[in-house]
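**Student:** From the sequence below, what's the structure:
(one chain, ligands or ions: 1)
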Amino acid sequence: MIRALYPGSFDPITNGHLDIIERASRLCDEVLVTVLPNTSKSPLFSIEERVAMIEEVVAPFHNVSVKMHAGLLVDFADEQNAQVIIKGLRAVSDFEYEFQMALMNRKLNQKVETMFLMTQSQNSFLSSSLVKEVARLNGCIKGLVPETVERVIRHKFRSGLTDDREG
Ligand code: PNS
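**Tutor:** Sure thing, here's the model as predicted:
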């Protein structure tokens, strides 16, 4: 029985994330999408908003659920009896950051293994930050995020519910 965490800040979830979730759900018995704060980023969406968006788009997957956590990822893995952390890799530029995190997580907890799934080539340029920038400047984000997420982002920017502090 393999229970995996798929962690990230998901601000917001993109079609690249969704592709990794779908593939992980075929490899693992259970996938817990875990929404965590990333202390080096200022989020556009609250954790609750991010969880709600993800819950909606993962509803078709019977073995995928969504959780939030505010502490160390490896502690949460222990708490949830998860043996694996799934991460997506887009380009070489992701590698250094992900490698560092994987090694630190292993140092903190030897029982948890990090597994990397390569992105599909059509998603290799996709990031939550770019999606937000394009949407903020009124560009087209169709096909980059699930339709429900697209609507939430549009609403956020249209209604001025953001202080526009995103980097
Ligand atoms: O989608 P992101 O922003 O690249 O995700 C990074 C995230 C949230 C997975 C990472 O910052 C994280 O694991 N935060 C939880 C706190 C923690 O365990 N920090 C040590 C990581 S080595």
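
**Student:** Just list what the lengthiest helix in the chain packs against, helices and strands only.
**Tutor:** Ranked by number of residues, the top helix in the chain under DSSP state H is helix 92-108. For helix 92-108, the elements it packs on are helix 73-79, strand 84-89, strand 113-118, judged by 3 or more C-beta pairs under 8 Å, 6 or more residues apart in numbering; DSSP states H and E. Bear in mind the C-beta positions are built from the backbone N, C-alpha and C, glycine included.

**Student:** Quick one, which of those gets closest to the ligand.
**Tutor:** Nearest to the ligand among the helices and strands packed on helix 92-108 is helix 73-79; the distance by C-beta to the nearest ligand atom comes to 3.6 Å.

**Student:** Most tightly packed of the helices and strands packed on helix 92-108?
**Tutor:** strand 84-89 (a mean of 21; mean count of other C-beta atoms under 10 Å).

**Student:** between that strand and helix 92-108, how many degrees?
**Tutor:** 160 degrees (axes from the mean of the first three to the mean of the last three C-alpha atoms, to 10 degrees).

**Student:** Ala70 and Thr39 touch, don't they?
**Tutor:** No: look at Ala70 against Thr39 with C-beta atoms under 8 Å: they stay out of range, at 10.7 Å.

**Student:** can you put the helices and strands packed on helix 92-108 in a markdown table and add mean pLDDT?
**Tutor:** Output for the helices and strands packed on helix 92-108, formatted as a markdown table (pLDDT from 0 to 100):
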| stretch | mean pLDDT |
| --- | --- |
| helix 73-79 | 98 |
| strand 84-89 | 98 |
| strand 113-118 | 97 |
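
**Student:** Tell me how far the closest residue to Pro146 other than its chain neighbours lies from the ligand.
**Tutor:** Computed as C-beta to C-beta, 6 or more residues apart in numbering, the closest residue to Pro146 that is not its neighbour in sequence is Val57, at 4.6 Å. Here Val57 is placed at a distance of 16 Å from the ligand (C-beta to the nearest ligand atom, to the nearest Å).
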